[in-house]
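J.: only the shape, not the letters, is given here:
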């Protein structure tokens, strides 16, 4: 028996089932039309029901950011896992335990040192652990630049663990236009396709050619030569994605339900019980054209109140103000009334909660658990 | 059997027992010397062992920021609880359940509307729930300004639930000097002492005169007329407190253990497995004289490497760079080597973890659990 909407505790994390399913379907259809496989990144939701909707299947290929995710999803029937954070020797024993239980876990490395560490540690465990070489397609973070001959040294150090190449166009989050995202996507694709071709030209295998970010998956014009796309935040979408025109604000499936706990009349503030503990400290829209503070304020039904944002956040206090700082009609928002906050960054906001209150047609339908930790 | 230090998983949250105990003792002694009671704010650690060290007792008066904290600490023997976030009628039933089990839970209100809501809801539950009127001593957030006659209206609406006044000098976090903090502390004290006197002059009770913030508790010169001080972050301290001169960097008891997972040679970056999921997105030092990025980098023994900070953070990646952007001697930090990161804001960083690895004399001694949620 799920509670009535009005009796949900605040703050709590709401997930709109219809929007979730629409977002999942749109990505499946888009990648399907390009003939490229989807390997959803489960770090966003850390929940099996969401991953199943992303794949439209009980299980399938997934990307993880922690070994706890790998273990949890393996326990829920997922066998084909890419651990997309550089592997260190100290973590190989945990990977090996899953491999011995029947998982197929690919790892990533971007240096000879890391490749040798993986080779040594997996030999000590007596298992073969496949690995992809991480390529740096945009200067965002890790990886070997296309054209850098270290690619072949790393490939050699991996020996028969080598299965291909991968990259993440993290810079796509900083683009100022759809056109710029499409260009980042083209570089993301060509970086790994070229590196895979270079490996193959030397007789080395590269069956896996993996790319991924939600913006580049949305606006990339070609996935030719790519074997799979890793995407995470699109299942929920968020204000950062809306600011990039990757989604509309109406597509955002996640929100934080909160209560108005007070009025600061002199400052024209509503105080709520959703502070950064419920919203996260993420300020991802701060560098976008429209800074959404700590989130866009909606009424309890989820309709944006376009003039209100969460202007500041303390641990358990949210400060809601008009964008222009002007007066608020407090009578519309009595103490105890409820609001919903759309998140800047869905991965960060979801991580502040232990469960999703799934809404169907606006009514609580199920409670889905999520986890954190490593 | 606790693990050896070298076999701790990364990322994990380390808590230095000696520093914790020294911080707790220092605050007890300081407030004791002023003859004012300590009511620690347990929102920072959300852990019973830490609260017991703060009080140097199995239980005692505490401040909470969520009803889940109230329930958890009540279940661990704590009976005297102040819920220091404005109460709304929808939360009174949970408070009443604890009251019927024997808890003494005081609440706070700052408007006639909230006071009437509390009165109605507690009458419906058949319990008396004490309340303090929240006073705004510094324009930081909530509360009634000193001198505002609404104080008496709220007191009247509370009726026999009225037990006094409280304030939180949140603006002390933004001070540029110790002198400025002392001035904020003086205003914090006078705000509630004056309001309590005004209530008493009208024959209304105000046995509780409650103040609190770690900076004002540290540098306040007088607590005359104050009955209790609420402080939270001092148990761990953090870089924000160090930036305010409230503590030394060496007093920070909390750190995140991480592994070096890669080197970005062109950009002079170390990559680690402590991203914002392990560190939080808090950038509290960004507005201070020294911006510490996402944290100060230490060696595995906890000694600050003064030239290194966490320059940026993705979900599971930390980017470590020299403050001046200059080259890093990568040979000192091989893949798989370990670092410790001191947090900007201990409350936020601790909230990203489910347990503390307690270190005694630098060695893992116990695992202490913590919780989140509402």
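T.: Received it, and whenever you're ready, just let me know what you need. As the structure is a computational prediction, the values presented were derived from the model and not from experiment.
J.: so in that sheet, which strands flank the helix or strand where residue A:106 lies, and in what orientation?
T.: Assigned by DSSP states H and E, residue A:106 belongs to strand A:104-109. Within its sheet, strand A:104-109 is paired with strand A:80-83 (parallel), strand A:131-135 (parallel), according to DSSP bridges.
J.: give the rounded mean pLDDT of that strand.
T.: The pLDDT scores in strand A:104-109 average 98.
J.: just how off-centre is that strand within its chain?
T.: 19 Å (CA atoms, centre = their mean, to the nearest Å).
J.: try stretch A:138-153
T.: In this view, stretch A:138-153 has its centroid 23 Å away from the chain centroid, taken as CA atoms, centre = their mean.
J.: just stretch A:269-280 next, same as before
T.: That offset, for stretch A:269-280, works out to 22 Å (CA atoms, centre = their mean).
J.: what about that stretch, start to end distance?
T.: 20 Å (CA to CA, to the nearest Å).
J.: after the strand holding residue A:106 comes which helix or strand?
T.: helix A:112-125.
J.: got the angle between that following helix and strand A:104-109?
T.: Computed by axes from the mean of the first three to the mean of the last three CA atoms, to 10 degrees, the angle separating helix A:112-125 from strand A:104-109 equals 150 degrees.
J.: hmm, who's touching helix A:112-125?
T.: Residues outside helix A:112-125 that contact it (CB atoms under 8 Å, 6 or more residues apart in numbering or on different chains) are A:86-89, A:92-93, A:95-96, A:107, A:109, A:128-129, A:131, A:150, A:153-154, A:157-159, A:161, B:261-262, B:334-336. Every C-beta, even on glycine, is put in place using the N, C-alpha and C of the backbone.
J.: repeat for stretch A:314-325
T.: Under CB under 8 Å, 6+ apart, the answer for stretch A:314-325 is A:258, A:261, A:264, A:267-279, A:294, A:297, A:307-313, A:328, A:339, A:341, B:43, B:65-66, B:85, B:141-142, B:170, B:347-348.
J.: take these and keep only those in strands.
T.: A:258, A:261, A:264, A:269-272, A:297, A:307-313, A:339, A:341 (DSSP state E).
J.: so how far is the helix-or-strand element of chain A with minimal mean pLDDT off the chain centroid?
T.: Sorted by mean pLDDT, DSSP states H and E, the helices and strands of chain A end with strand A:304-313, the least confident at a mean of 95. How far strand A:304-313 lies from its chain's middle: 24 Å, per CA atoms, centre = their mean.
J.: again, but for stretch A:167-182
T.: 15 Å.
J.: what is the orientation angle of the least confident helix or strand of chain A with strand A:338-342?
T.: Going by the same axes, to 10 degrees, strand A:304-313 makes 80 degrees with strand A:338-342.
J.: domain parsing for chain A?
T.: A:5-10+A:247-369, A:18-234 (automatic domain parsing).
J.: now render those as JSON lines, adding mean neighbour count.
T.: JSON lines is the format used below for these (neighbours: other CB atoms under 10 Å in any protein chain shown):
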{"stretch": "domain A:5-10+A:247-369", "mean neighbour count": "20"}
{"stretch": "domain A:18-234", "mean neighbour count": "20"}
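J.: would you reformat these as JSON lines and include distance to residue B:78?
T.: Formatted as JSON lines, the domains of chain A follow (distance: least, CB to CB, whole Å):
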{"stretch": "domain A:5-10+A:247-369", "distance to residue B:78": "18"}
{"stretch": "domain A:18-234", "distance to residue B:78": "31"}
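J.: right, and those - which one's nearest residue B:213?
T.: domain A:5-10+A:247-369 (11.4 Å; CB to CB).
J.: quick check: the gap between the closest residue to chain B within the stretch 51-200 of chain A and residue A:117.
T.: Residue of the stretch 51-200 of chain A nearest chain B, by CB to the nearest CB: residue A:86 (3.8 Å). Going from residue A:86 to residue A:117 by CB to CB, to the nearest Å gives 10 Å.
J.: where do the contact lists of these two overlap?
T.: residue B:335.
J.: tell me the bridge partners for residue A:366.
T.: What pairs with residue A:366, by the bridge criterion (DSSP bridges), is residue A:358.
J.: that one contacts residue A:358, correct?
T.: Yes - using CB atoms under 8 Å, residue A:366 is in contact with residue A:358, at 4.4 Å.
J.: could you say what helices and strands the strand or helix carrying residue A:63 packs with?
T.: Assessed by DSSP H and E, residue A:63 sits inside strand A:62-64. With contacts taken as 3 or more CB pairs under 8 Å, 6 or more residues apart in numbering or on different chains; DSSP states H and E, strand A:62-64 sits against helix A:67-75, strand A:80-83.
J.: average model confidence for the shortest one?
T.: Same thing as strand A:80-83. For strand A:80-83, the per-residue pLDDT averages 98.
J.: so what touches it?
T.: A:39, A:60-65, A:67, A:70, A:73-74, A:95, A:98, A:103-108, A:132, A:166, A:210, A:230.
J.: same thing but at 6 Å, please
T.: Strand A:80-83 is contacted by residues A:61, A:62, A:63, A:64, A:70, A:104, A:105, A:106, A:107 when judged by CB atoms under 6 Å, 6 or more residues apart in numbering or on different chains.
J.: now those residues in JSON lines, with distance to residue A:48?
T.: Listed next are the contacts of strand A:80-83 as JSON lines, based on distance: CB to CB, whole Å:
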{"residue": "A:61", "distance to residue A:48": "15"}
{"residue": "A:62", "distance to residue A:48": "10"}
{"residue": "A:63", "distance to residue A:48": "15"}
{"residue": "A:64", "distance to residue A:48": "12"}
{"residue": "A:70", "distance to residue A:48": "13"}
{"residue": "A:104", "distance to residue A:48": "18"}
{"residue": "A:105", "distance to residue A:48": "17"}
{"residue": "A:106", "distance to residue A:48": "20"}
{"residue": "A:107", "distance to residue A:48": "22"}
